[in-house]
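**Student:** Only the shape, not the letters, is given here:
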């Protein structure tokens, strides 16, 4: 079978198509004949700096859609030929993908495999940020970094559905602002002066919730954008900055709080919790609350081009690799 892997860290060009053996499912696992794979920023960090890479060569890819090829012992409720989406730790850029059955889900009724491939990481993450970790309440305001990306596009809609009083976004360019405004945002700021923009938009009050995938200085400045009793959720470190600590001195004066979220970490620690989260999140797609635009699609052999597009910070919405016709 074909797969895309890298043997060294570097630019998108280190990705190469190889022929490799077809995996077999172990106990509690299935294999999937993949049709589409999602492209995520975590894939770029794996390729560039070894994020979550245990050894080389490495096949990136955290989510696929396709049809079950084979089932391992102890697996119930799934069958060969069934159309599914899978959340996996790695290995998604391949024609056949091995996945733990606990994070394999039947494709929701009414969705095709192309649309379904965009869901496994983005929609549950967005749902958790708004409803579980962020605990957004009706009437509250929220500031979302990377508002034009896949997660940002989903968060805007889910925040609006949760009754947010105001939904603000932060993007890197005016073109991205125009995209975000289609998906639930009231106002979108550029990254350079977002703290001042938030204070202006809220009459000096600040927002109740900040959702940040950037880390580093952006995360620090996010604290200054919070209202009294405000909450900040960190769910990534796209900046690549060193980890930092925040303590009582920064938080107690205004009753602020900081939380973190990673769907991959949660999947490793508690697959049952992730399964419940994904099932709730997918219902927002089937009931029409949420739509997730696929804005670019590349054949598997052009994975490097997909990485270059996302890494250039000009992409919006969700990017996919087409593995099979």
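**Tutor:** The structure has been received and is ready for your questions. In this text, all values refer to a predicted model and were calculated from it rather than measured experimentally. Numbering: from 1, shown residues only.
**Student:** how close does the spatially closest residue to residue 166 that is not a sequence neighbour get to residue 23?
**Tutor:** Spatial nearest neighbour of residue 166, chain neighbours left out: residue 141 (4.1 Å); criterion: C-beta to C-beta, 6 or more residues apart in numbering. In this view, the C-beta of every residue, glycine as well, is placed from N, C-alpha and C. As for residue 141, its distance to residue 23 is 47 Å (criterion: C-beta to C-beta, to the nearest Å).
**Student:** neighbour-wise, which of the two wins?
**Tutor:** The neighbour count for residue 141 versus residue 23, taken as other C-beta atoms under 10 Å, is higher for residue 141 (23 against 19).
**Student:** what's the average pLDDT for the helix or strand harbouring residue 153?
**Tutor:** In this structure, residue 153 is located in helix 150-161 according to DSSP states H and E. The average pLDDT within helix 150-161 is 96.
**Student:** helices or strands up against it?
**Tutor:** helix 122-127, strand 141-145, strand 166-171, helix 174-180, strand 318-322 (3 or more C-beta pairs under 8 Å, 6 or more residues apart in numbering; DSSP states H and E).
**Student:** repeat that with 6 Å
**Tutor:** helix 122-127, strand 141-145 (3 or more C-beta pairs under 6 Å, 6 or more residues apart in numbering; DSSP states H and E).
**Student:** ok, and what's touching the first one?
**Tutor:** Identification of contacts with helix 122-127 by C-beta atoms under 6 Å, 6 or more residues apart in numbering yields 150, 151, 154, 155, 158, 263, 277, 278, 281.
**Student:** first to last residue in stretch 280-294, what's the distance?
**Tutor:** Counting by C-alpha to C-alpha, to the nearest Å, you get 21 Å between the two ends of stretch 280-294.
**Student:** before we move on, back to that, surely the residue nearest to residue 166 touches residue 209?
**Tutor:** No - using C-beta atoms under 6 Å as the test, residue 141 is too far from residue 209 to be in contact (7.3 Å).
**Student:** Which residues does the helix holding residue 153 contact?
**Tutor:** Residues outside helix 150-161 that contact it (C-beta under 6 Å, 6+ apart) are 122-123, 125-126, 129-130, 142, 144, 146, 167, 183-185, 289-290, 292, 317-318.
**Student:** That helix: which residues count as buried?
**Tutor:** Residues 150, 151, 152, 153, 154, 155, 156, 157, 158, 159, 160 are the ones in helix 150-161 that count as buried (16 or more other C-beta atoms under 10 Å).
**Student:** that older thread, including mean pLDDT and distance to residue 68, could the helices and strands packed on helix 150-161 go into a markdown table?
**Tutor:** Converted to a markdown table, the helices and strands packed on helix 150-161 look like this (pLDDT from 0 to 100; distance: least, C-beta to C-beta, whole Å):
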| stretch | mean pLDDT | distance to residue 68 |
| --- | --- | --- |
| helix 122-127 | 97 | 21 |
| strand 141-145 | 97 | 35 |
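**Student:** TSV for these, including distance to residue 216?
**Tutor:** Converted to TSV, these look like this (distance: least, C-beta to C-beta, whole Å):
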stretch	distance to residue 216
helix 122-127	20
strand 141-145	11
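**Student:** and the ones you listed, which is most packed in?
**Tutor:** strand 141-145 (a mean of 28; mean count of other C-beta atoms under 10 Å).
**Student:** Give me the angle between that strand and strand 166-171.
**Tutor:** Between the axes of strand 141-145 and strand 166-171, defined by axes from the mean of the first three to the mean of the last three C-alpha atoms, to 10 degrees, the angle is 10 degrees.
**Student:** Please report how far the closest residue to residue 184 other than its chain neighbours lies from residue 128.
**Tutor:** Among residues not flanking residue 184 along the chain, residue 156 sits closest, at 3.3 Å (C-beta to C-beta, 6+ apart). For residue 156, the distance to residue 128 (C-beta to C-beta) stands at 15 Å.
**Student:** and the closest residue to residue 20 other than its chain neighbours, bridged to which residues?
**Tutor:** Nearest residue to residue 20 in three dimensions, chain neighbours excluded: residue 3, at 5.2 Å (C-beta to C-beta, 6+ apart). For residue 3, the beta-bridge partners are residue 18, residue 94 (DSSP bridges).
**Student:** Residue 3 contacts residue 22, doesn't it?
**Tutor:** No - taking contacts as C-beta under 6 Å, residue 3 lies outside contact range of residue 22: 10.0 Å.
**Student:** The two: who's more crowded?
**Tutor:** Higher neighbour count among residue 3 and residue 22: residue 3, with 26 against 13, using other C-beta under 10 Å.
**Student:** dump the residue contacts of that one.
**Tutor:** Counting by C-beta under 6 Å, 6+ apart, residue 3 has contacts 18, 20, 59, 94.
**Student:** nearest to residue 235, of the helices and strands packed on helix 150-161?
**Tutor:** Residue 235 sits nearest to helix 122-127 of all the helices and strands packed on helix 150-161, at 6.7 Å, using C-beta to C-beta.
**Student:** Let me know the distance separating residue 167 from residue 153.
**Tutor:** Taking C-beta to C-beta, one finds residue 167 at 12 Å from residue 153.
**Student:** now residue 104
**Tutor:** 25 Å.
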